[in-house]
Every structure is written in C-alpha cells, then in structure tokens.
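Colleague: missing the sequence, but the structure's below:
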C-alpha cells in the first residue's frame, strides 16, 4: 500500500531500527539474549535482518522471502551479502516453516504482501508449524497490523498453537501489534494473558 510505511532506513545508520514495531519485535532479546539461530519470514527493506546481523554476531540467521523483486533490492537497502552465518533465500515462508532445515531459537514473522497478510502465513496449521519449528525454549515474534480484519482471529490461532503462552504489545499509533509466543514451559504463566 502506498498509504503505509513498510520499511524505513537512515542512510547514516543503515542498521538502526527506525520503525517502532521493528524495535518492539527485537524485544525477544529480553527472553533470549543470545540466540544461536534466528529465522525470518519476510525481508522487506531488511531492517530486522541487518539489525540481527550486526548485533547478534554468534547467531545463524536465515531469511525467507517469496518475492524476488524484494530480494533484488537488498543492495539498495544495504542488506549484507550471504555468508556462512547469514543467508536470504527465495521461497515460500509457509513451506519453509513446515519443513525447516533445523529447529531455531527465534522465528520472526513479518510477511506481508500488497494484499495484506497472505492466507498461507495465517492459518492454524501455519502457526502450529511455527511452534514445531522452534526449539524447547524458542520464541515466535509476529508483526500483526491491527487494521487487518482478521487480527483477532490471528491472535486466537497463535494462542491456540502456543497453549496461551502469548503476549501482545501495541505500538503508540495503534497500527501494529507485536505478538510474542513462547515454547518454554517456564514462560507460559508469565506470558499467558
């Protein structure tokens, strides 16, 4: 949509998180300060990928993006090149989550297209697959646009997949909710809301 900001970059500090919802998504560091592996569905302008690459030097980071045109802009947005610990692959996020190469500590979901949240990235099965992809102390972090008609349905599905171990944080302008869902048994009482 031309009416919404999808990504933003300060040319002087290309690794900085300019948008509030992206800073909120990094709140997973309060629970998992040193993740070994981070997976992302949706590259966009690469804000989260660049931030994780810079500030989590011990983490293996894999980003899945379905749109080759978005990937083609990676140099414009100063997204790092692929390396041993960082990669961007073209692919379907739902298929990636269903058959991940290995479990991960953190899964970040910000996979919107011009029509909003795709059905393949918002079904009950998809969120169940997200839970299965995570290790025993893993965390799913989801950016949900509050303006989406199915916002409450998405939140209910995430709660069902994660046995209620879920908390949401809304941004100041009320346009985004960031959902944190944990597989850690110790987190369930603290996050259940």
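Modeller: Received it, and whenever you're ready, just let me know what you need. Just so we're clear, the structure is a prediction, and the values are computed from it rather than from any experiment.

Colleague: output the longest strand belonging to this structure.
Modeller: Longest strand of the chain, by residue count under DSSP state E: strand 134-145.

Colleague: next secondary structure after it?
Modeller: Toward the C-terminus, strand 134-145 is succeeded by helix 151-161 as the next helix or strand (DSSP states H and E).

Colleague: could you pull out the buried residues of the helix or strand that that next one is followed by?
Modeller: Following helix 151-161 in sequence order, the next helix or strand is strand 166-170 (DSSP H and E). Across strand 166-170, burial judged by 16 or more other C-beta atoms under 10 Å covers 166, 168. To be clear about C-beta, it is placed using only N, CA and C from the backbone, and glycine gets the same treatment.

Colleague: now do stretch 88-104
Modeller: For stretch 88-104, the buried set under the neighbour-count rule, 16+ other C-beta under 10 Å, comprises 88, 92, 93, 94, 96, 97, 100, 103, 104.

Colleague: pick the one among those closest to residue 66.
Modeller: For the buried residues of stretch 88-104, the closest approach to residue 66 (C-beta to C-beta) belongs to residue 92, at 5.5 Å.

Colleague: ok so, going back, could the buried residues of stretch 88-104 go into CSV alongside pLDDT and distance to residue 128?
Modeller: Formatted as CSV, the buried residues of stretch 88-104 follow (pLDDT from 0 to 100; distance: C-beta to C-beta, whole Å):
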residue, pLDDT, distance to residue 128
88, 97, 25
92, 95, 17
93, 95, 14
94, 96, 11
96, 96, 15
97, 96, 10
100, 79, 13
103, 90, 15
104, 95, 16
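
Colleague: so what pLDDT did residue 164 get?
Modeller: Residue 164 carries a pLDDT value of 90.

Colleague: residue 84 too?
Modeller: pLDDT, residue 84: 96.

Colleague: ditto for residue 101
Modeller: Reported pLDDT for residue 101: 79.

Colleague: where's the residue lying closest to it once chain neighbours are set aside, which helix or strand?
Modeller: In space, and not counting its chain neighbours, residue 101 is closest to residue 62: 7.8 Å by C-beta to C-beta, 6 or more residues apart in numbering. Taking DSSP H and E as the definition, one finds residue 62 inside strand 60-65.

Colleague: got a list of contacts for that strand?
Modeller: Here strand 60-65 makes contact (C-beta atoms under 8 Å, 6 or more residues apart in numbering) with 36-43, 49, 52-53, 71, 85-93, 96, 101, 104.

Colleague: same for whichever helix or strand comes after that strand, what does it pack against?
Modeller: Helices and strands here follow DSSP H and E; after strand 60-65, the next one along the chain is helix 68-72. Using 3 or more C-beta pairs under 8 Å, 6 or more residues apart in numbering; DSSP states H and E, the elements in contact with helix 68-72 are strand 86-90.
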